[in-house]
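Undergrad: here are the coordinates; sequence isn't available:
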């Protein structure tokens, strides 16, 4: 259940942002969790909601984009779409794939109120 | 004083407030913190662009750990596996074997578990220094925990001595520029999911899979096997008694990580131990 730690990291980013540019509440939290980021989005949402009471995230709408996985296929010499790290290349069947997209886990932006 | 972290004592200056330290053993207990509270308010909404990596704070400390290890000539390995793969048994056997192969090489272990100091006690029984890090509710070690623990280990203080006496010329840098001057083993919490995401500043992650487990674990837990540079297939002395298919296991691991290296090791019989030591002591690329 590392999503709890990740939710703590997100809360820290929010608090750090408030230290730079003070605000009281987050109205909308916008995240990106790629398909290959190793994050279970439902668990992350649950962890954030569990942690939110008493913090700047209390009552915030949580928007989580899930960019699809992408990989460079060494054999095809091009970028292909994959859903997980165990997938083979959908074009040639090779598993010589290097993930290139969908690995990100980040806070994109916040809608805040003072 | 250490040129990287600026520390001069046994611990870092800014230890987290939720950290309890065992005065006798130096073991660390995380997870005693209070929730942060803020005051709500009402006003028009505005947007703040962040584009911030959620693991950014951990990764910055991991990078500092990496530089710190390098400055002390320490090579760190992050051992990851499920509970019961034999990580601690492998470490105890490795420490004994390294004593014979490389008698002067300083060794240390950071032991991660949720609770108890059983594993650190087993390591200390071999004579090697160990710090137990209990994560409390946490399912993995993170870079700040490793920074705290490393600062309390003798391989940290030992190299400080070198820096005081010979600020530009570590003993271990003479002759074998890329051989490790000391080895630090970080035994992560037994868990095939979470430790994959947290960089601790290690030179490499080593995934350990015992033959009493399923050979398809690399497919079931791909993130962890994708993050490892080496997979150790452990407890190979039990192969005659189990249905574990070694070739299939290696094929599965290569499917999620085409470049992964593989070693077969039995701590009990010693078979494969020489190749494992060769791997640990190999000159840096």
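TA: Structure's in. What do you need? Everything numeric here is computed off the predicted structure, so don't read it as measured data.

Undergrad: lowest-confidence helix or strand of chain B?
TA: Counting by mean pLDDT, DSSP states H and E, chain B has its least confident helix or strand at helix B:154-165, which shows a mean of 59.

Undergrad: just checking, next helix/strand downstream of that one?
TA: Next in sequence after helix B:154-165, counting helices and strands by DSSP states H and E, comes strand B:182-187.

Undergrad: so in that sheet, which strands flank that following strand, and in what orientation?
TA: strand B:74-81 (parallel), strand B:107-113 (parallel) (DSSP bridges).

Undergrad: ok now it, how far from the chain's centre?
TA: Taking CA atoms, centre = their mean, to the nearest Å, the mean C-alpha location of strand B:182-187 is offset from the chain mean by 6 Å.

Undergrad: over it, what's the mean pLDDT, rounded is fine.
TA: In this model, strand B:182-187 has a mean pLDDT of 97.

Undergrad: same thing with stretch A:62-79?
TA: pLDDT averaged over stretch A:62-79 gives 95.

Undergrad: and that stretch, end to end?
TA: With CA to CA, to the nearest Å applied, stretch A:62-79 spans 31 Å between its terminal residues.

Undergrad: neighbouring contacts of it?
TA: With CB atoms under 8 Å, 6 or more residues apart in numbering or on different chains as the test, stretch A:62-79 has contacts from A:28-36, A:41, A:44-45, A:48-49, A:80-85, A:87, A:89, A:91-92, A:94, A:96-104, A:108. Glycine gets a C-beta too; all of them are placed from N, C-alpha and C.

Undergrad: recalculate using a threshold of 6 Å.
TA: Here stretch A:62-79 makes contact (CB atoms under 6 Å, 6 or more residues apart in numbering or on different chains) with A:29-36, A:41, A:45, A:48, A:80-83, A:89, A:91-92, A:94, A:96-102.

Undergrad: restrict those to those that also contact chain B, please.
TA: residue A:96 (CB under 6 Å from any CB of the partner chain).

Undergrad: buried among the contacts of stretch A:62-79? Need that as a selection in PyMOL.
TA: Written as a PyMOL command, the selection of buried residues from the contacts of stretch A:62-79, which uses 16 or more other CB atoms under 10 Å in any protein chain shown, is:
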select buried, chain A and resi 29+30+31+32+33+34+35+36+41+45+48+80+82+89+96+97+99+101+102
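
Undergrad: the contacts of stretch A:62-79 in strands, which ones?
TA: With strands taken from DSSP state E, the overlap with these comprises A:29-33, A:80-82, A:97-101.

Undergrad: just send those residues back as CSV, with distance to residue B:267 too.
TA: As requested, these are exported to CSV (distance: CB to CB, whole Å):
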residue, distance to residue B:267
A:29, 47
A:30, 49
A:31, 43
A:32, 43
A:33, 39
A:80, 41
A:81, 42
A:82, 37
A:97, 34
A:98, 34
A:99, 33
A:100, 38
A:101, 40
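
Undergrad: once you drop chain neighbours, what's closest to the spatially most central residue of chain A?
TA: The centre of chain A sits closest to residue A:33, judged by CA atoms, centre = their mean, with a distance of 2.1 Å. Of all residues not flanking residue A:33 in the chain, residue A:39 sits nearest, at 4.6 Å (CB to CB, 6 or more residues apart in numbering or on different chains).

Undergrad: ok, the one you found - how many residues close by?
TA: Each residue near residue A:39 was counted by other CB atoms under 10 Å in any protein chain shown, and the total is 21.

Undergrad: quick one: mean pLDDT over stretch B:247-255.
TA: Stretch B:247-255 comes out at a mean pLDDT of 96.

Undergrad: flag every buried residue along that stretch.
TA: B:249, B:250, B:252, B:253, B:254, B:255.

Undergrad: skip the chain neighbours and tell me the closest residue to the residue of the stretch 51-200 of chain B found nearest chain A.
TA: Per CB to the nearest CB, residue B:194 is where the stretch 51-200 of chain B lies closest to chain A, at 3.6 Å. Nearest non-adjacent residue to residue B:194, counting by CB to CB, 6+ apart: residue A:2, 3.6 Å away.

Undergrad: packing partners of the biggest helix by length in chain A?
TA: Taking DSSP state H as the criterion, chain A has its longest helix at helix A:3-20. Packing partners of helix A:3-20 (3 or more CB pairs under 6 Å, 6 or more residues apart in numbering or on different chains; DSSP states H and E): helix A:41-51.

Undergrad: how close does residue B:270 sit to chain A?
TA: Separation of residue B:270 from chain A (CB to the nearest CB, to the nearest Å) stands at 34 Å.

Undergrad: wait, a strand at that residue?
TA: No - read with DSSP: H, G, I helix; E, B strand; the rest coil, residue B:270 is coil and lies in no strand.

Undergrad: please enumerate the strands of chain B.
TA: Using DSSP E, strands in chain B cover B:20-21, B:28-29, B:45-53, B:74-81, B:107-113, B:130-134, B:182-187, B:204-210, B:230-234, B:261-265.
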